[in-house]
Structures are given as C-alpha cells and as structure tokens.
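Colleague: got a structure for you, letters missing:
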C-alpha cells in the first residue's frame, strides 16, 4: 500500500524489520501498569464523593491508595511520547492503522456481546449505536482520542521534517505555554487529541535533534526520581489541604495529563528509559505489543468498569481489609497478565490470519481506490 505520507512504498513489498531494543518496550509495560493502577482507584468508587477515601483522606489506607493510583495520567503521557518518538521517523500505513482500529473495535464488540448475552447489561439502541461507532468523543477518553491522533501523524511528520530546529523549539514553547502553563493554573480545558499532538512535538524533537545531554542516563535518572518525589509530595500535600480546607484535591497537580508535574515526570522517565541499555527481549517485546490491548479490555466501557472494579474485585469492600495493599497490587498485576494473554490469543487466532488475507487483496483494492480518487480530484480540479 502507498504510505500515507509519501506514496513510495507498498505493503506487498517484503522486508525484515529491525528488532527493536526492549528499553522503551519495558517502559511501555510499566506505563500501562500505572494506568491500570490508576483505574483501580478512580473507577471503583474509592474516590467517589461518598467513597471511603474522601471519608478519611489522611488515613494511611487512603494515602496508600492515592499514591498507588496517582500515575495514570502520567502513564498516558509516556505512552503517547513513545508513539511519537518512534513514529516521527516511521511511516503510518493503512495496515498499521487498521491493526489499531480493528483491535479497538474487536474488544468493543466482544465485551458488548458478552455483557448483553450474559444479561449483565440490557439492550438499547443508544448503546448499540455507541458501540458501533469507533469515535464518540475527541476531548477525553484515551482510546478513541489515540486513534484520531494516529490519523494526524502522517501530516505531523511532514510538518516536523520541514521545520528547522529553531521553529520546532518555538512550536514546543508555544504549545507548552498554552497547554502546560495555562493548564496547570486551570486556565484552559484540555483536549486529548490536541494534547497528544503537543506530546508528539516534544518526543519528536528528542528523536530528530539528539543532544549529548539527551543521552545522559544518570542525569535523567536523577531527574526522574526527583520529579516522582515532588509529584508524590504534591499528592499528600493536596490531600491535606482538601482534608483541612476542602480545597484542591489529592490529584490537583497530576490529575490532568497537561499539568506541569504530570509532564515533568513523564518526560524525565521517558528520557531515562530511552537511554538505558536493554537488548532485544522477545518476552518483553511480545508483552509490550499487547499493552494497547490491555487498555482496550480492562477500560472497555462503563459496564466493564462496574463489573471489574465494583462487582468482581469489590475494591471498596476491601478498603478496610488488612490485605488491601496486596489486593490492590495483585489485582493490577492479575488484570494486566490476563489481558495480555487474551490479546496474544487474539493476535494469533484473528489478527494474523486476517492480515494475511489483507496482504493478498490490499494492492488490488488500493489500485481501484486510487483510480476513483484520481477521477474525483480531476473533476474538482485538484492537483
């Protein structure tokens, strides 16, 4: 297939991709674990207005859970920066995008049918239409916004490759002022798709303009530890302010992906893992390839959230248990592992056979599409 950027390569061409080192793949796994831990806390009723955390915010149990689940938005930043770092010098083909979209839609339909047929949820036209449409919002909701962001990458690649370094820096500074500075003081409302584009500008700069300081593993390790400590202190401090004065909230400076601390931790951690040396590991890379699947499964819908965190794991019911920390850690690890296994099965039984068929028929379909496109452009007098 023609590349979405240049139209110079075809998917029917065979080439052996270079095996990717496992440092950022390991980081991808860690970021998804952080996202699952965040969902353990915020999607379970623990942080509801009448939930146990806000009933006693400064208790040891509440502080543990707040710190345990504070890193989800940071994880989103990291996940998107990994994508931007690799994709700014790569090609977004229809096949790559189709894999992403098909994975997302497969799990939407699968769990919709499972919950419907099991009687856990009831049928409605509104719910059917919602599950049939891949994009229902572009302001919040990571998965749908991430898919829309992917569609912009070919055009973003053209932009960053035709800017010089100074222009790239100015663009980052402008975007950072609008989103990070004003976002931290709550003067702008974040939009996920455009925020992901800002993260792309940042991560692509690190890739396109390497500096000696960018490769200083020790420096970025120290900065990561410092940023994590400051972010953790902010969670405790804001919890105290909330408990004492009813202002702010535990996640005030990390609750949105574009707040300064969320960005600082994400960027520092990304740069640290970019620099550490981990050679290719088949296990790490295989697991990392299913991290998006982990998100698509465990954060599939409001119905899934209710079934998983409230009815099955009963996070609120375990709040007062002496084993609550083990329940939290074990739940996150268990969910991650089960979701990875499910996604590996999907890849081998569904994705691989489907895209074998795709490879056989895509060039013919593309040729017909290009002829139709050419006719339309000619009629519209488009060069």
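Modeller: It's in. Owing to the predicted nature of the structure, the values given are computational and were not obtained by experimental measurement.
Colleague: hang on, residue 342 packs against residue 297?
Modeller: Yes. With contact taken as CB atoms under 8 Å, residue 342 and residue 297 are classed as touching, separated by 6.2 Å. C-betas here are computed from N, CA, C, even on glycine.
Colleague: these two: who's more crowded?
Modeller: A count of neighbours by other CB atoms under 10 Å puts residue 297 above the other of residue 342 and residue 297, at 23 against 17.
Colleague: give the contact list for the nearest residue in space to the more buried one that is not next to it in sequence.
Modeller: Once flanking residues are discounted, residue 297 sits nearest to residue 339: 4.5 Å by CB to CB, 6 or more residues apart in numbering. Counting by CB atoms under 8 Å, 6 or more residues apart in numbering, residue 339 makes contact with 290, 293-294, 297-298.
Colleague: swap in residue 32?
Modeller: Residue 32 sits in contact with 75, 79, 291, 294-295, 336, where contact means CB under 8 Å, 6+ apart.
Colleague: apply 6 Å and report the result again.
Modeller: By CB atoms under 6 Å, 6 or more residues apart in numbering, the residues touching residue 32 are 291, 294.
Colleague: helix or strand for it, which one?
Modeller: Using DSSP states H and E, residue 32 maps to helix 23-42.
Colleague: just residue 105 next, same as before
Modeller: Secondary-structure assignment from DSSP H and E places residue 105 in helix 94-117.
Colleague: for that helix, buried residues please.
Modeller: Along helix 94-117, these residues count as buried under the neighbour rule (16 or more other CB atoms under 10 Å): 94, 96-108, 111-112, 115-116.
Colleague: any chance you could list what contacts that helix?
Modeller: Outside helix 94-117, the residues within contact range by CB under 6 Å, 6+ apart are 1, 11, 121, 131, 134, 143, 150, 296-297, 300, 303-304.
Colleague: show me which of these are buried.
Modeller: Buried residues within the contacts of helix 94-117, defined by neighbour count using 16+ other CB under 10 Å: 1, 11, 121, 131, 143, 150, 296-297, 300, 303-304.
Colleague: low-scoring pLDDT stretches of the chain, where are they?
Modeller: Regions of the chain meeting the criterion pLDDT under 70 cover residues 1-18, 187.
Colleague: what's the neighbour count on residue 247?
Modeller: Neighbours of residue 247 (other CB under 10 Å): 9.
Colleague: contacts only, for it.
Modeller: residue 241.
Colleague: where does it land in three-state SS?
Modeller: Using DSSP: H, G, I helix; E, B strand; the rest coil, the three-state assignment for residue 247 comes out as coil.
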